[in-house]
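K.L.:
Can you look at this prediction? I've put the sequence above it.
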Amino acid sequence: MNIDVSPDGRYAIVTNNGVSTQNVMIVDLQSWNVAQTVPIRRAWLGIRFIENGRRFLVSGGDDNRVFIYGINRGRAILTDSIVVGDPWPKQRIWLAGLDADEQNGRVYVAAREDSSLYILDIAGKQTIKRVPLSGRPYTCLVAKERNVVYVSLWGSACVVVIDRSTMNVVRTIAVQDHPTDMTESPDGTRLFVANANQNTVSVIDTENGMTTETLNAAIVPDAAPGSTPNSVALDSAGSRLYIANADNNCLAVMDVSVPGKSKSLGFIPVGWYPTAVRVVSATGEIIVANGKGGTSKPNPGGPDPAHPNPHEEYIGSLFQGTLSRIASPDFEDLQKYSRLVYSNTPPSSGTIFSDPNPIPDKVGDPSPIKHVFYVIKENRTYDQVFGDIREGKGDSSLCLFPDSVTPNQHALAKEFVLLDNFYVDAEVSADGHNWSMGAYATDYVEKSWPTSYSGRGGEYDYENGGIASPSSGYIWDNCLRSGVSYRSYGEFVTNGKTPDDSVTANTPSLEGHVAPLFLGWDLAYSDIDRYKAWEKEFERYEREGGLPSFQIIRFPNDHTEGTRKGSLTPRAYVAQNDQAVGLLVERITHSRFWKESAIFILEDDAQNGPDHVDAHRSTALVVSPFVKRHFVDHTMYSTSGMIHTMELILGLPPMSQYDASARPMHNSFATEIDSTVYKHREALVSIEERNIAGAYGQERMERMNLTREDAAPDLEFSRIIWKAVKGTYSEMPPPVRSAFLRIVD
C-alpha cells in the first residue's frame, strides 16, 4: 500500500495491508533483501520515518492508533503508540495517511471513516485536536516552506489546507475526482496531486491555491477513466515526476522542470496494480509497490483452510505484493520502456471480427438486437459448475454443482455456447458488482475491501454509489446519457422492511428505474419468487409495450447459506437459482420480444470456489436467436468484454479503459437466426432440501453474518460448502500451478 525511504537512502519501510497477515517490512535497499518483517494486527496506508530515520510511524487503520517504532540497523521494535480512539467497531475512525511536523512535535493523521484530521502530540501521546472535514480523506502532507498541512479528500475532488498555527481549515482547492497521494516541489511552490478517477495529476500553485496545470497520465490523451494514477514522487531535483498508474500497471514520467510547461517523457512498466512510487534521493533509484504482485493464479486447492497454507488458495490472498526497483532511466531506456507499456496496454479493442455479425464493430453501428437482459449471480467458478462438461476445459473433480443440480445452465451451455475461457475482472463481491456494472473498480474499492473482508473493520459500502462510484458512473448512467431505456431488478437497491414493501434505489440515476417488488440481497427470499416478480412486469410490457432496452436482473441465491441449521442446503440453493435462470430464459424465448433479444448471464465474482485454470475463471452464458448453437467458444473473454458487447448492441460508448479495450463476444454470435425456443428443465434435486442438525460446520455457520454479500469468512464458508456437497471427510484436490501468459511480439 505504501513506501517510505529513510533519509540516508539505506532502508525502505513498506506497509502490507492485504486479506491475510498484515505487516510492515523493512527492506535493505543495498542488498535488496527484507531485513525484517514486523507483524501488525491492523494497518492502512500511513507510514513515515521521523528523527532522521531513528524511528517511524505507522497508522493502525481501524485499531485507531498510531504505532511508533524504533529502528536500528534495519531492525525495528514497537516502542509506543498514540491512541486516537477505541478499536473498530466501538469507534469508526480508520486512520489512513499521516505525516509529521517534527519541529513542533506533531503528527497529522487522516481519519477516513471519521471524515476528519487528527492532530497528535508525539511526546505526550495524545490528541491535540480533531479537525472535521467535508469528506473522507486519504492522506495528508506537511508543507515544506509554508505553515500549512494539505489533506486530500478522497471522495470530494478537493484538497483542504489547514493552518498549523490555528489548526483550522483556511482554504479548499478544487482538483479532480478521487485525489489521493501528494508531493511538493523542493522549493514548496508547487503541489502535485494524483486524481485516481480521472487519469490526471493536478499541479497547484501553493501561494494562490490555483491549479496551474493538469497532467494527463494515461497512455493515450483521450482515454476514458481507468489509468488510476494514485501515487506521485519527484526526483531530488524536482524535475521529474513519476506517476503510478494502478490500472495501467505502469509509471508515467513527466518533465516538470519548467513550471507551467510540463511534458511527457514516457512510461515505465511495473507490476500489477502499483499503489506507491518513491525515489531514493541519494541514488535516483525508483521504488514501486505493486499491490497485487505479478500474475493471476489457479486455486484448485481452495478456498480451503485445511490447506498447509490456509490463505494460499483463497482468491483474496493469492496475490502477494511485490517491489520493483528501477534505475533512473535515460532517454533510450524510456523509449524501450514506453514501447513495452504500449504493447501491454492496448488503447482499444479494434475490429477483431471482420465477418458480418449482429454485434457491431463500433459504437453507433446498427444491431438487429434491440433488447438486452443482463443476469448477475454470485460467486461461482467455472469448475464448480461446468467442470463436468467434457467439451470444455474443466476439472470434474472440482465440480460441486453438476448437471444434476444445474440442469438449465448445462442445457443452455450445450444448446447455445459453452464459454470455457471466461474470467471475471473482480476478486470479491465488493469489486465484483462495480466491475459488473461499471467495467471498473475505483481505487477506493480496491484499497478498502481487503481490510473489511479480513475482519479488520469497515462497512460494505460498495453498492451504494457515493465514494465507491467511478467518475463515469455505472451502466445505467451510460444508458441515461445516451437515451437508452433501462430497469434494474434487485441490483443496487435497498430492500424494504418486509417483502411487500417497495425497494429503493441506491443511486439517483436508478430512481424510478427499479422494480419495486423485486428484492435485492436476501437469501431468505427465493430466486424463483424473484423470477415471478420480474415476470409480472414482463407480462405487462408484452400487453402494453414499453419494454426497456436494457434490463439488469439479479439472482443471488447461488451464494448459499452453507450448512446453517434449517437453511436450504447448498445444492438446493444452487438448484433454485438454476431453476430461476431456466424459467427466465424460457419466458423470454416464448415472448414476442425473443427475435430481437439477447440474454447475458455471469457471476459477479468467482471467490467462493476452486478452479484449476485461474481463480478468476467463472461461468458465463449468452442466449439469443443470434447466438451460435451447440458451439464451444474458447475465446478469452472477461466481465468488461461482456459489458463491451452489450454496449455495442445498445449503442453505448465505453465507460472505462477496460470495456473500451476488452474483446467483444463476436465469436459467440452468428448472422443466421435460430429462433428455437427454450424449455426449462425441472430441478433434479429437491429445491426444498434443508440442512440437518449437526451438519459439518453448522455451529460455525450460526455465527456467520449472511445478511449481506461476503460478510461470512470466505475460507471457512467455501470449505463448508465443499464438504456439504462432497461429504464430511472429502478434501479438495491439491494445488496445481500453471503458467498464465499472453505472448506479444
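P.N.:
Cool, the structure landed. Residues are numbered from 1 along each chain as shown.
K.L.:
With only the CA atoms kept, save the helix ranked longest in the chain in PDB.
P.N.:
The helix of greatest length in the chain, counted in residues with DSSP state H as the criterion, is given as helix 570-589. Output for helix 570-589, consisting of C-alpha atoms alone and laid out as PDB, is shown next (Å, rounded to 0.1, in the frame of the first residue of the first chain):
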ATOM      1  CA  PRO A 570     -26.000 -25.500  -0.800                       C
ATOM      2  CA  ARG A 571     -27.200 -27.700  -3.700                       C
ATOM      3  CA  ALA A 572     -30.900 -26.800  -3.100                       C
ATOM      4  CA  TYR A 573     -29.900 -23.100  -3.200                       C
ATOM      5  CA  VAL A 574     -28.000 -23.600  -6.400                       C
ATOM      6  CA  ALA A 575     -30.800 -25.700  -7.900                       C
ATOM      7  CA  GLN A 576     -33.300 -23.000  -7.000                       C
ATOM      8  CA  ASN A 577     -31.000 -20.400  -8.700                       C
ATOM      9  CA  ASP A 578     -30.700 -22.600 -11.700                       C
ATOM     10  CA  GLN A 579     -34.500 -23.000 -11.900                       C
ATOM     11  CA  ALA A 580     -35.000 -19.300 -11.900                       C
ATOM     12  CA  VAL A 581     -32.500 -18.900 -14.700                       C
ATOM     13  CA  GLY A 582     -34.200 -21.500 -16.800                       C
ATOM     14  CA  LEU A 583     -37.700 -20.000 -16.200                       C
ATOM     15  CA  LEU A 584     -36.400 -16.600 -17.200                       C
ATOM     16  CA  VAL A 585     -34.900 -17.800 -20.400                       C
ATOM     17  CA  GLU A 586     -38.000 -19.800 -21.300                       C
ATOM     18  CA  ARG A 587     -40.300 -16.900 -20.700                       C
ATOM     19  CA  ILE A 588     -38.200 -14.600 -22.900                       C
ATOM     20  CA  THR A 589     -37.900 -17.100 -25.700                       C
END
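K.L.:
Quick one: list the elements packing against that helix.
P.N.:
The contact analysis (3 or more C-beta pairs under 8 Å, 6 or more residues apart in numbering; DSSP states H and E) places helix 570-589 against strand 371-377, helix 407-415, helix 527-544, strand 597-603, helix 714-726. Every residue, glycine included, has its C-beta placed from N, CA and C.
K.L.:
ok and it relative to strand 371-377, angle-wise?
P.N.:
Note on geometry: by axes from the mean of the first three to the mean of the last three C-alpha atoms, to 10 degrees, helix 570-589 and strand 371-377 are set 180 degrees apart in direction.
K.L.:
quick check: mean pLDDT across helix 570-589?
P.N.:
The average of the pLDDT scores along helix 570-589 is 97.
K.L.:
Got the confidence number for Y460?
P.N.:
Looking at Y460, the pLDDT reads 88.
K.L.:
the residue most distant from the middle of the protein, which is it?
P.N.:
Relative to the centre of the chain, and counting by C-alpha atoms, centre = their mean, the farthest-placed residue is R543 at 40.7 Å.
K.L.:
who's in contact with it?
P.N.:
Counting by C-beta atoms under 8 Å, 6 or more residues apart in numbering, R543 touches no other residue.
K.L.:
any idea how far it is from W594?
P.N.:
16 Å (C-beta to C-beta, to the nearest Å).
K.L.:
between the helices and strands packed on helix 570-589, which gets nearest to A276?
P.N.:
Counting by C-beta to C-beta, A276 lies closest to helix 714-726 out of the helices and strands packed on helix 570-589; the figure is 26.7 Å.
K.L.:
Where does the residue nearest to the spatial centre of the chain fall, secondary structure wise?
P.N.:
Closest residue to the average C-alpha location of the chain: D431 at 3.5 Å, with C-alpha atoms, centre = their mean. Using DSSP states H and E, D431 sits within helix 429-438.
K.L.:
and that helix, how far from the chain's centre?
P.N.:
When distances are taken as C-alpha atoms, centre = their mean, to the nearest Å, helix 429-438 is centred 7 Å away from the chain's centroid.
K.L.:
what do you get for stretch 17-26?
P.N.:
Relative to the chain's own centre, stretch 17-26 is displaced by 19 Å; criterion: C-alpha atoms, centre = their mean.
K.L.:
Pull out the buried positions in that stretch.
P.N.:
Residues of stretch 17-26 classed as buried: 17-20, 22-26 (neighbour count, 16 or more other C-beta atoms under 10 Å).
K.L.:
tell me the mean pLDDT over it?
P.N.:
For stretch 17-26, the per-residue pLDDT averages 88.
K.L.:
which residues are contacting that stretch?
P.N.:
Contacts made with stretch 17-26 from outside it, assessed by C-beta under 8 Å, 6+ apart, are listed as 1, 11-16, 34-45, 47, 58, 61, 69, 71, 74-76, 311, 314, 316-317, 319-321, 447, 450-451, 453-454, 456.
K.L.:
quick one: buried residues of stretch 130-142?
P.N.:
Taking 16+ other C-beta under 10 Å as the basis for neighbour counts, the residues of stretch 130-142 that come out buried are 130-131, 133, 135-142.
K.L.:
Turn these into JSON lines, including secondary structure, pLDDT and distance to I673.
P.N.:
Output for those, formatted as JSON lines (DSSP: H, G, I helix; E, B strand; the rest coil; pLDDT from 0 to 100; distance: C-beta to C-beta, whole Å):
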{"residue": "R130", "secondary structure": "strand", "pLDDT": "98", "distance to I673": "65"}
{"residue": "V131", "secondary structure": "strand", "pLDDT": "98", "distance to I673": "64"}
{"residue": "L133", "secondary structure": "coil", "pLDDT": "97", "distance to I673": "58"}
{"residue": "G135", "secondary structure": "coil", "pLDDT": "95", "distance to I673": "52"}
{"residue": "R136", "secondary structure": "coil", "pLDDT": "96", "distance to I673": "51"}
{"residue": "P137", "secondary structure": "strand", "pLDDT": "97", "distance to I673": "55"}
{"residue": "Y138", "secondary structure": "strand", "pLDDT": "97", "distance to I673": "52"}
{"residue": "T139", "secondary structure": "strand", "pLDDT": "98", "distance to I673": "56"}
{"residue": "C140", "secondary structure": "strand", "pLDDT": "98", "distance to I673": "60"}
{"residue": "L141", "secondary structure": "strand", "pLDDT": "98", "distance to I673": "61"}
{"residue": "V142", "secondary structure": "strand", "pLDDT": "98", "distance to I673": "67"}
